[in-house]
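Asks: Here is my input, please return the structure:
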Amino acid sequence: MSGPVQVRRGRSIAGYKRSELVEIVGRMAEREPDLSDDQIVELVTRLLGCPEDEALLVGARLRYAVGVYRDQQSASDQP
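Replies: As a prediction, the model looks like this:
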């Protein structure tokens with residue numbers, strides 16, 4: 001296993017694999033369990049500091065990552 005994803009502020013969102021974004025989102029969600037999905041997206045957006053011209057793409061990719069994370073959590077909660 002390669003260890004946790006390294007976040008480098010200012011890096012293009014295209015440089016992150018989907019699984020890496022899910023991991024980053026998951027770490028934030030576990031650290032701050034009371035945050036809504038929108039708040040998680042906002043927090044991770046600020047954390048990543050991606051170029052401003054990627055704002056729409058960042059939002060879309062992070063919302064996807066939050067959805068995947070939530071689906072994984074739901075699946076692991078079921079017997």
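
Asks: Quick check: closest non-adjacent residue to the residue positioned nearest the centre of the chain.
Replies: By CA atoms, centre = their mean, the chain has its centre lying nearest to V25, at 3.0 Å. On the basis of CB to CB, 6 or more residues apart in numbering, the spatially nearest residue to V25 that is not a chain neighbour turns out to be A65, at 4.4 Å. Any C-beta I mention is one placed from the backbone N, CA and C, and that applies to glycine too.

Asks: about what we covered before: any idea how far the residue nearest to the centre of the chain lies from I40?
Replies: If you measure V25 against I40 using CB to CB, to the nearest Å, the figure is 6 Å.

Asks: what do these two both touch?
Replies: 62, 66 (CB atoms under 8 Å, 6 or more residues apart in numbering).

Asks: pLDDT below threshold where in the chain?
Replies: In the predicted model, the chain carries pLDDT under 70 at residues 1-2, 79.

Asks: What segments of it are strands?
Replies: Using DSSP state E, no strands are assigned anywhere in the chain.

Asks: tally of neighbours for Y69?
Replies: Per other CB atoms under 10 Å, the neighbour tally for Y69 reads 22.

Asks: doesn't G26 make contact with it?
Replies: Yes - using CB atoms under 8 Å, Y69 and G26 qualify as a contacting pair, with a distance of 4.8 Å.

Asks: neighbours around the residue nearest to V25, how many?
Replies: With other CB under 10 Å as criterion, A65 counts 23.

Asks: before we move on, the earlier item: show the contacting residues for the residue nearest to the centre of the chain.
Replies: 40, 44, 62, 65-66, 69.

Asks: Return the member of these nearest to E20.
Replies: Nearest to E20 among these: A65, at 8.8 Å, using CB to CB.
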